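Peer 1: Based on what follows, work out the 3D shape:
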Amino acid sequence: MEILSFFEWLDTSFLATISKAYGGTFAVIQMFHLLGLAVMGGMVLLSDLRLLGIVMRDVPSEIVVENTNRWFTIALIVLIATGIFMSSAVALKLYYNEMFWGKMIGLLIGVLFVYFIKRPLLSQDHSTLKPSTIRSVAITSIIIWFSVAASGRWIGFS
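Peer 2: Here you go, the predicted model:
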């Protein structure tokens, strides 16, 4: 299925009908989306700032990373579900929006980074890793997720 065909279908789907016709429903879904953003951003910052030794230095980094991973995954699920709903209201507009695609590419990179690099690497005892490796992972994570957030925020202005 061609990507444009998917966006054309999404624009006329039942989700789009609900999101366009019932502003209150859209507002509630958007509230959950923003809540998911806050939780995800908080977990990324808490985890990465702990890895950098800036916050919670009295708590082992393995514990902080393990606990933030759970909430990150929950927030990601909420963001994807609510994002699809919200996108349905303006699907064709988003298809032609370069910042939307920048955000989607950034989101894909971020998810791949978390699940295929960061988590596997940090699943072992952090004392066995070079401090420079841990710092590099944390800084890379912050840069990726900041880029996703910034491009997502910029969608409304482009």
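Peer 1: Check the secondary structure at I54 for me.
Peer 2: Here I54 is recorded as coil under DSSP: H, G, I helix; E, B strand; the rest coil.
Peer 1: where's it relative to H126, distance?
Peer 2: Distance of I54 to H126, given as CB to CB, to the nearest Å: 15 Å. Yep, even glycine has a C-beta here, placed from its N, CA and C like the rest.
Peer 1: and the two? which has more neighbours close in?
Peer 2: Using other CB atoms under 10 Å, the more surrounded residue of I54 and H126 is H126, with 16 against 11.
Peer 1: So the more buried one sits against V64, correct?
Peer 2: No. Between H126 and V64 there is no contact under CB atoms under 8 Å: 10.0 Å.
Peer 1: For the chain, which element, helix or strand, carries the lowest mean pLDDT?
Peer 2: One helix or strand of the chain scores below all others by mean pLDDT, DSSP states H and E: helix 14-21, with a mean of 90.
Peer 1: elements contacting the next helix or strand after it?
Peer 2: Counting by DSSP states H and E, the next helix or strand C-terminal to helix 14-21 is helix 23-51. Here helix 23-51 touches helix 14-21, helix 61-88, helix 131-154, going by 3 or more CB pairs under 8 Å, 6 or more residues apart in numbering; DSSP states H and E.
Peer 1: Dump those into CSV; add mean neighbour count and distance to L4 as well.
Peer 2: Formatted as CSV, these follow (neighbours: other CB atoms under 10 Å; distance: least, CB to CB, whole Å):
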stretch, mean neighbour count, distance to L4
helix 14-21, 15, 15
helix 61-88, 17, 14
helix 131-154, 16, 21
